[in-house]
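Asks: Prediction below, plus the sequence it came from.
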Amino acid sequence: MHLTNLQTFFIILVIALGTMATRFIPFLLFPDGKKYPKIIDYLGKVLPPAMMGLLVVYCFKNVSFISGNHGLPEILAALITVALHLWRKNVLLSICGATAAYMILIRFLPI
């Protein structure tokens, strides 16, 4: 499907407005000095660990522990992620280091 320049402009405009709205609305709803509702505080505490758990489950969902290399690259990369994060408390290092380790492991571990 071919879009006209005007259609492309409006698509970009709507996406930009939607992105800006999701960034600005929390500051309008909860200005500095105003106490947050208890549900917001609760969600701020429970959602980060819940999202981490969700990502771990997603990363291991297609791993076969009974065939091939039995999920060894994935398990080792996860352990490297935890070790790097406990060692340096640096998210970028944890992500990059574990990704590099995983790429090396899947290339060199026998199947």
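Replies: Happy to help now that I have it. Residues are numbered from 1 along each chain as shown.

Asks: For Leu13, identify the helix or strand it belongs to.
Replies: Using DSSP states H and E, Leu13 maps to helix 5-29.

Asks: any idea how far the very next helix or strand once past that helix is from the chain center?
Replies: For helix 5-29, the following helix or strand on the C-terminal side (DSSP H and E) is helix 38-60. Distance, stretch centre to chain centre, for helix 38-60: 11 Å (Cα atoms, centre = their mean, to the nearest Å).

Asks: cool, and stretch 73-93?
Replies: For stretch 73-93 - counting by Cα atoms, centre = their mean - the centre lies 14 Å from the chain centre.

Asks: contacts for it?
Replies: 56, 59-60, 63, 94-95, 97-99, 101-102, 105-106, 109 (Cβ atoms under 8 Å, 6 or more residues apart in numbering). Glycine gets a C-beta too; all of them are placed from N, C-alpha and C.

Asks: A PyMOL selection for those residues, restricted to the buried ones, would help me check which they are.
Replies: If you want just the buried ones from the contacts of stretch 73-93 in PyMOL, going by 16 or more other Cβ atoms under 10 Å, the selection is:
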select buried, resi 94+97+98+101+102+105
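
Asks: which residue is nearest the centroid of the chain?
Replies: Leu55 (6.9 Å; Cα atoms, centre = their mean).

Asks: Distance check, it against Phe27.
Replies: With the distance defined as Cβ to Cβ, to the nearest Å, Leu55 ends up 27 Å from Phe27.

Asks: do the same with Val14
Replies: In terms of Cβ to Cβ, Val14 sits 21 Å off from Phe27.

Asks: Also Phe65?
Replies: Counting by Cβ to Cβ - Phe65 and Phe27 are separated by 46 Å.

Asks: And those two? Which one has more around it.
Replies: Using other Cβ atoms under 10 Å as the criterion, Phe65 and Phe27 rank with Phe65 on top: 12 against 9.
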